[in-house]
Structures are given as C-alpha cells and as structure tokens.
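Visitor: I would like to see how this sequence folds:
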Amino acid sequence: MQLRGTTILAVKDANGVAIAGDGQVTLGQSIVMKHTARKVRRIYRDRIIAGFAGATADAFTLFERFEAKLEEFRGNLVRASVEMAKDWRKDKYLRRLEAMLLVADADHILIISGTGDVIEPDDGLAAIGSGGAYALAAARALSRNTELPSEDICRKAMEIAGEICVFTNNNLTVETITR
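Guide: Next up, the predicted model:
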C-alpha cells in the first residue's frame, strides 16, 4: 500500500496567489498515518509555491525534478512546467510516478500531470487531490460571492473540504505570494 490522500487548492486574485494544502497522509483507504504533513512549500528563491497530491515518495521525486527545471529556465514557471511535463511523459521511470503538482507564481497557477498536461485554469482557481473537487467548489462559491482575499478563500474552502472528504483534514499549510 502507498501513502496518499490530500487536498491542494490554489486561489489567485488581483493581489497575488495563495496555495493551501491539508496535512493528512493516508495508508490505503482506511488508516490515517499522519495529520501534520507539509505538502505545500516555497521553491525557487521563494518566488514559486508548489503543492503535491498522490504518492509521497513520487511527489518528492517530482519536486526535485521540477526545482531543477526552474533553475534551468531561471524561474520561468510556464516554461519549466511545460518542460517538466514533457520529461514526465517521455521518461520511462517518471511515467510510473503517481502524483500531481499544483504550482504558482504571482501571475500563473498551473496543474502539471504525468500525462503531459499543463493546465492553467480560466478563473484563477485550481485544486488537486482526493478532496480537490470539494475545495474547488467551495472556493468558486466564495470567490463569486464575497470580497475575501485569496488566502482567506483558501482557508475557508479547505475547511469545507475537510468537513466533506475523509482524506482531507484541517491542519493546513498556506503559502502566499503577493504581486
């Protein structure tokens, strides 16, 4: 059995971006192994935030590879993401990794997957992981009906996801980048 289960949410507004991740690590479908994991972190000179969902060891491998791409392309998030997705799709070893990345700088939010996808959401909201759909729905409702800043939307939406999804808890890590 692999360790997995998480929710990562990104919200962008006129002032910047926030990414939140819960702290739960689940073994299989029924055992919570850890409540305080840190799945969101700042990378590349604190200018980029990255979060992962999926198998933990696979995600750390992807973090290392993505950080190398950021160094290679001098912090250009979009270019590094596209090149990472290409490598992930082509490389025999990387193709077997079971994780996704959600990355952001002050201007872009991107989801990177092992199928070669690099997706930038139209509305400045994106989520991955087992509770991603719940967090995304809550974030959309909050962003459309309140004037809350991105960090508050992230926190409130993740709290709602934690109430619904058994693989999501309310031990949050929230990182922000302002414009």
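Visitor: which residue ranges form the helices in the chain?
Guide: With DSSP state H as the criterion, the chain has helices at 56-72, 77-90, 132-145, 150-164.
Visitor: and those helices, which is most packed in?
Guide: Highest mean neighbour count among the helices of the chain (mean count of other C-beta atoms under 10 Å): helix 150-164, with a mean of 21. For every residue, glycine as well, the C-beta is placed using N, CA and C.
Visitor: for it, packing partners?
Guide: For helix 150-164, the packing partners by 3 or more C-beta pairs under 8 Å, 6 or more residues apart in numbering; DSSP states H and E come out as strand 7-13, strand 16-21, helix 132-145, strand 173-178.
Visitor: taking the mean pLDDT, what do you get for the longest one?
Guide: In this case it means helix 132-145. Averaged across helix 132-145, pLDDT comes to 98.
Visitor: Can you tell me what sits against it?
Guide: With C-beta atoms under 8 Å, 6 or more residues apart in numbering as the test, helix 132-145 has contacts from 7-9, 11, 13, 20, 53, 123-127, 148, 153-154, 156-158, 160-161, 164-165, 168.
Visitor: Of the helices of the chain, which is nearest residue 174?
Guide: Closest to residue 174 of those, according to C-beta to C-beta: helix 150-164, at 5.6 Å.
Visitor: got a list of contacts for that closest one?
Guide: Identification of contacts with helix 150-164 by C-beta under 8 Å, 6+ apart yields 7, 9-13, 15-20, 22, 131-132, 134-136, 138-139, 142-143, 146, 148, 168-170, 172, 174, 176.
Visitor: What angle do strand 7-13 and that helix make with each other?
Guide: Angle of helix 150-164 versus strand 7-13, following axes from the mean of the first three to the mean of the last three C-alpha atoms, to 10 degrees, is 150 degrees.
Visitor: And the residue nearest to residue 27 when sequence neighbours are not counted, how close does it get to residue 169?
Guide: In space, not counting the residues next to it along the chain, residue 27 is nearest to residue 33; the distance is 4.9 Å by C-beta to C-beta, 6 or more residues apart in numbering. Here residue 33 is placed at a distance of 12 Å from residue 169 (C-beta to C-beta, to the nearest Å).
Visitor: Could you check stretch 108-127 and say which residues are buried?
Guide: 108-114, 118, 124-127 (16 or more other C-beta atoms under 10 Å).
Visitor: will you turn those into JSON lines that also has distance to residue 100 and pLDDT?
Guide: Converted to JSON lines, the buried residues of stretch 108-127 look like this (distance: C-beta to C-beta, whole Å; pLDDT from 0 to 100):
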{"residue": "108", "distance to residue 100": "16", "pLDDT": "97"}
{"residue": "109", "distance to residue 100": "13", "pLDDT": "98"}
{"residue": "110", "distance to residue 100": "11", "pLDDT": "98"}
{"residue": "111", "distance to residue 100": "7", "pLDDT": "97"}
{"residue": "112", "distance to residue 100": "7", "pLDDT": "94"}
{"residue": "113", "distance to residue 100": "5", "pLDDT": "85"}
{"residue": "114", "distance to residue 100": "8", "pLDDT": "77"}
{"residue": "118", "distance to residue 100": "11", "pLDDT": "96"}
{"residue": "124", "distance to residue 100": "18", "pLDDT": "97"}
{"residue": "125", "distance to residue 100": "16", "pLDDT": "98"}
{"residue": "126", "distance to residue 100": "11", "pLDDT": "98"}
{"residue": "127", "distance to residue 100": "10", "pLDDT": "97"}
